[in-house]
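**Q** From the sequence below, what's the structure:
(one chain, ligands or ions: 1)
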Amino acid sequence: MAKNKSSYVCTECGADYSRWLGQCKECKSWNTISEFRQPKVSNKQQRYVGYAGQTEAQVQTLDTIDLAELPRFSAGFAEFDRVLGGGIVPGSAILIGGEPGAGKSTLLLQTMCALSEHMSALYVTGEESLQQVAMRAKRLGLTAKKLKLLSETSVENICHIAEKEQPKTMVIDSIQVMHMADIQSAPGSVSQVREAAAFLTRFAKQNHVAMI
Ligand SMILES: [Zn+2]
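**A** The predicted structure is shown next:
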């Protein structure tokens, strides 16, 4: 049985080390290295399941692979669809980046409001309160009665709720504030963001949810 392994990650630059160091060799920052525990064996096995969008990995020969295009669905904006390569792929994870105030939350709220008209859509807000999100929707003149909203920053709780709600698409706003109980470092640190993003991506693939 594999032992629980720890690795050490610089929260400033993301450099990996096999042991703890006072100073990061890469970015020279002091006291930025924090322990990053590898998941326990049971979790570890689960960790590698689902990356290919299947519950169990299988070897296939090249000629048996279905070449039919994955059915994409429109995000509701032609330009957004174009950036996404023709629309949103179920089970995919999409990362939207941009400066504060660039309009990420506004774009995603508009998108989710439109999508919620014809599919189950969940908007998870970790930065703003539900009231703030509702006020923005009102300001934008969005009338989406069916959009589901959740204010939560625990990745485990979000996935637990999403398993019950079964959304076809969900937004995590934003990955920076998400955290996992297993990881000791602060939300926003490299190890938290990395693990939270990996967990959510896995959830998206296993449950065929488009995760933004
Ligand atoms: Zn560093």
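**Q** Let me know the next secondary structure element after the host helix or strand of Leu149.
**A** Element membership for Leu149 (DSSP states H and E) is strand 148-151. With elements assigned by DSSP H and E, the helix or strand that comes after strand 148-151 is helix 155-165.
**Q** so after the worst-scoring helix or strand of the chain on mean pLDDT, what's the next helix or strand?
**A** Every helix and strand of the chain was ranked by mean pLDDT, DSSP states H and E. The lowest is helix 41-47, at a mean of 48. Of the helices and strands lying after helix 41-47 in sequence (DSSP H and E), the nearest is helix 78-83.
**Q** For the spatially most distant residue from the centre of the chain, give me its contacts.
**A** Seen from the C-alpha centroid of the chain, the residue lying at the greatest distance (C-alpha atoms, centre = their mean) is Asp63, 32.2 Å away. Under the criterion of C-beta atoms under 8 Å, 6 or more residues apart in numbering, Asp63 has no neighbours. Placement of C-beta: from N, CA and C, glycine included.
**Q** Quick check, pLDDT for it.
**A** Asp63 carries a pLDDT score of 83 in this model.
**Q** ok, back up a step: just checking: what are the partner strands of the strand holding Leu149?
**A** Paired neighbours of strand 148-151 in the sheet (DSSP bridges): strand 121-125 (parallel).
**Q** relative to helix 155-165, how tilted is the partner strand?
**A** 160 degrees (axes from the mean of the first three to the mean of the last three C-alpha atoms, to 10 degrees).
**Q** average model confidence for strand 121-125?
**A** 97.
**Q** Thanks a lot, catch you later.
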